[in-house]
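Peer 1: No sequence on hand, only this structure:
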């Protein structure tokens with residue numbers, strides 16, 4: 001079995017060391033291990049470098065691409081720290097951290113949508129501190145269900161255990177059979193369903209509807225549209241922007257926010273809307289997205305290579321090229 005960054009950082013030995021020395025030390029240890037991994041896996045490092053150049057280099061002319069790439073790798077390491085922290089930290093300490101270190105005023109958007117009684121599909125992406133989003137909502141008294149995939153048995157077992165403590169219902173995308181029917185059932189109970197729109201390898205592309213994402217044209221994933229159509233649930237886009245490992249901001253875009261952000265862009269479905277807003281966020285904040293290693297998959301599935309769209313005027317966030325640790 002090939003050792004990936006995920007399996008390397010989540011090995012039993014490393015997890016034991018994180019828990020032994022504490023999370024403050026674990027931050028630096030995870031970053032060290034991440035740098036070591038990419039030092040030994042030059043091909044994978046090159047894939048990420050080329051992906052950043054291919055997308056960001058074409059739309060942000062004049063930007064220091066080396067600095068951007070450095071921040072991209074820091075973002076990748078930060079993601080794994082957050083993933084492990086929320087999976088293994090004591091529930092009371094984790095709750096305190098989430099409530100004290102995350103600005104989450106936009107949760108009111110979700111509360112307002114739930115008043116309609118048809119559930120809320122909170123669409124997110126591999127952006128910022130995605131791992132904190134379900135738990136953050138749960139500790140703020142939302143009923144949360146989440147579609148999830150796991151790359152290690154140990155982490156899967158731990159996450160299911162932690163999820164029970166937070167009253168989060170997990171739908172295992174690998175072993176839950178009819179995932180869509182289970183997701184629909186959760187929404188009919190007026191719960192918040194958390195799912196991702198940029199699982200490129202898991203897309204169920206439409207043969208008729210196409211979309212341009214990061215300059216590549218491919219079939220639009222049908223999943224979100226199918227769930228929304230069958231339930232009538234409200235759809236919002238949520239991201240947890242990382243300023244550093246102690247400061248975050250939750251941004252939730254309502255349907256009206258998305259329409260305003262995409263003013264003038266021809267969009268026909270809600271699934272297309274959320275992926276296009278996520279695309280704009282990636283253009284502005286490439287260091288927040290950690291799926292750059294999957295860009296070749298997107299490129300390989302592309303029908304044609306389109307011209308990368310220029311970033312729109314997007315007032316929600318300002319650039320955040322600060323120190324992560």
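Peer 2: That came through, no problem. Keep in mind the model is a prediction, meaning the values are calculated, not measured.
Peer 1: residues contacting residue 112?
Peer 2: residue 254 (C-beta atoms under 8 Å, 6 or more residues apart in numbering). C-beta: built from backbone N, CA, C; applies to glycine.
Peer 1: Buried residues of stretch 68-78, list them for me.
Peer 2: Buried residues in stretch 68-78, defined by neighbour count with 16 or more other C-beta atoms under 10 Å: 68-69, 71-78.
Peer 1: so which of those would you say is closest to residue 144?
Peer 2: residue 78 (22.7 Å; C-beta to C-beta).
Peer 1: The closest one belongs to a helix, doesn't it?
Peer 2: Yes. The assignment for residue 78 by DSSP: H, G, I helix; E, B strand; the rest coil puts it in a helix.
Peer 1: Verify the contact between it and residue 240 for me.
Peer 2: No. With contact defined as C-beta atoms under 8 Å, residue 78 does not count as touching residue 240 (11.4 Å).
Peer 1: residues bridging contact with the two, i.e. touching both?
Peer 2: What both residue 78 and residue 240 touch, as defined by C-beta under 8 Å, 6+ apart, is the set residue 129.
Peer 1: so which of the buried residues of stretch 68-78 comes closest to residue 14?
Peer 2: Out of those, the member with the shortest distance to residue 14 (by C-beta to C-beta) is residue 77, at 13.0 Å.
Peer 1: Surely the closest one and residue 30 touch.
Peer 2: Yes. With contact defined as C-beta under 8 Å, residue 77 reaches residue 30; the gap is 5.8 Å.
Peer 1: so how far is whatever helix or strand residue 280 lives in off the chain centroid?
Peer 2: With elements taken from DSSP states H and E, the one containing residue 280 is helix 270-284. Remark: helix 270-284 is offset 12 Å from the chain centroid, using C-alpha atoms, centre = their mean, to the nearest Å.
Peer 1: Going along the chain, name the strands of the protein.
Peer 2: 102-103, 120-124, 144-148, 169-172, 192-196, 205-213, 216-221, 234-244, 247-253, 304-305 (DSSP state E).
Peer 1: highest average neighbour count across those?
Peer 2: Mean neighbour count (mean count of other C-beta atoms under 10 Å) peaks for strand 120-124 among those, with a mean of 26.
Peer 1: what's the neighbour count on residue 23?
Peer 2: 18 (other C-beta atoms under 10 Å).
Peer 1: Quick one: residues contacting it.
Peer 2: If a contact means C-beta under 8 Å, 6+ apart, then residue 23 has 85, 89 as its contacts.
Peer 1: For the chain, which residues score under the pLDDT cut-off?
Peer 2: 1, 150-155, 174-177, 200-203, 205-207, 264-266, 302-325 (pLDDT under 70).
Peer 1: got a list of what the residue most central in space within it touches?
Peer 2: Note on the chain: the residue nearest the mean C-alpha position is residue 126, at 2.4 Å, using C-alpha atoms, centre = their mean. Contacts here follow C-beta under 8 Å, 6+ apart; on that basis residue 126 touches 79, 196, 198, 289-291.
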